[in-house]
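Chemist: Give me a model of this one.
(one chain, ligands or ions: 1)
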Amino acid sequence: MSADLSLLPILETARLRLAPLTAQDAGLIFPLMGDSEVMAFWDMGEIDDPDVITNIVAGQVDEMATGRAVYWAMRGLADTQFIGTCDLSEIDRRHHRAEVGFMLGRDAWGQGYALEAMQAVLAYAATTGLRRLVARTHLGNRRSDALLEKLGFAEEGMLRGHVLRDGERRDCRLFGLLL
Ligand SMILES: CC(C)(COP(=O)(O)OP(=O)(O)OC[C@H]1O[C@@H](n2cnc3c(N)ncnc32)[C@H](O)[C@@H]1OP(=O)(O)O)[C@@H](O)C(=O)NCCC(=O)NCCS
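Modeler: Numbers count the residues shown, from 1 in each chain. All right, here's what the predicted structure looks like:
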């Protein structure tokens with residue numbers, strides 16, 4: 001099934017505007033994915049080649065066209081400054097479930113922006129009929145774990161050696177939320 005990208009939702013919160021990601025946003029994501037601290041608990045290390053980011057974002061836009069994901073670029077409502085991204089991916093309409101993700105530039109951490117954005121994403125997910133959301137964090141990603149718990153997710157298990165990064169297997173926590 002293909003989705004009309006122009007129909008994807010723009011979400012607004014008290015401080016943020018979440019608009020569906022476009023290929024043009026790749027240049028804004030580059031400084032985030034190039035930051036080793038932002039990428040410390042990601043499945044891949046920081047990326048220093050802008051072409052790789054361009055390809056990742058193009059892949060995400062393609063995924064949106066299939067209806068299997070929505071990626072949003074997060075900007076300040078007042079100043080339109082780019083803050084980060086968040087997403088619903090692995091959307092499974094048969095089982096009414098999806099996975100959530102989020103990434104903010106380091107300057108934007110510690111201000112409740114991720115919480116605010118994800119509350120809007122969860123509310124949107126519920127309106128589309130999704131009933132279960134999952135998230136996966138690398139062991140030690142305290143900020144992400146805390147965010148998920150604030151959103152009501154519960155830890156459901158440990159995925160041992162789930163990720164192979166830089167030659168080492170990493171354990172991940174699995175979180176779930178029933179809407
Ligand atoms: C995960 C991530 C999005 C969390 O960002 P965050 O800013 O810590 O998350 P929140 O939006 O929940 O903000 C919480 C913090 O804002 C503070 N805060 C300030 N104003 C606030 C407000 N109005 N409302 C809520 N919290 C507020 C809280 O006290 C808390 O601060 P603390 O961490 O010092 O205790 C961010 O660390 C990140 O981008 N990490 C790298 C990418 C990553 O790992 N992604 C997840 C992969 S699974």
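Chemist: Around the ligand, pick out the residues from the chain.
Modeler: Counting by CB under 6 Å from any ligand atom, the residues of the chain lying close to the ligand are 38, 41, 102-104, 109-115, 137, 141, 143-144, 147, 150. All C-beta atoms are positioned from the backbone trio N, CA, C, and that covers glycine.
Chemist: okay, now whatever residue of the chain ends up closest to the ligand: neighbour count?
Modeler: Going by CB to the nearest ligand atom, the ligand is nearest to residue 112 of the chain, at 2.4 Å. Residues lying near residue 112 (other CB atoms under 10 Å) number 14.
Chemist: Spatially nearest residue to residue 99, not counting backbone neighbours?
Modeler: Excluding its sequence neighbours, the residue lying closest to residue 99 (CB to CB, 6 or more residues apart in numbering) is residue 90, at 4.4 Å.
Chemist: Need the pLDDT of that neighbour.
Modeler: Here the pLDDT value assigned to residue 90 is 98.
Chemist: how about the strands in the chain?
Modeler: Using DSSP state E, the strands of the chain run over 11-12, 16-20, 70-76, 82-92, 97-104, 132-138, 154-165, 168-178.
Chemist: so which of those strands gets nearest residue 5?
Modeler: Residue 5 sits nearest to strand 16-20 of all the strands of the chain, at 6.5 Å, using CB to CB.
Chemist: Tell me the neighbouring strands of that closest one, and mark each as parallel or antiparallel.
Modeler: Here strand 16-20 is paired, per DSSP bridges, with strand 11-12 (antiparallel), strand 70-76 (antiparallel).
Chemist: which of the residues in it are buried?
Modeler: Within strand 16-20, the residues that count as buried by 16 or more other CB atoms under 10 Å are 16, 17, 18, 20.
Chemist: mind giving me TSV with those residues and columns for distance to residue 128?
Modeler: Below are the buried residues of strand 16-20 laid out as TSV (distance: CB to CB, whole Å):
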residue	distance to residue 128
16	20
17	19
18	15
20	14
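Chemist: Give me the nearest residue to residue 141, chain neighbours excluded.
Modeler: Using CB to CB, 6+ apart, the closest residue to residue 141 is residue 41 (3.8 Å).
Chemist: List the contacts of the longest helix along the chain.
Modeler: Looking across the chain with DSSP state H, the single longest helix is helix 50-66. Residues from elsewhere that reach helix 50-66 (CB atoms under 8 Å, 6 or more residues apart in numbering): 1-3, 5, 8, 20-23, 25-27, 29-30, 33, 47, 69-71, 87, 89.
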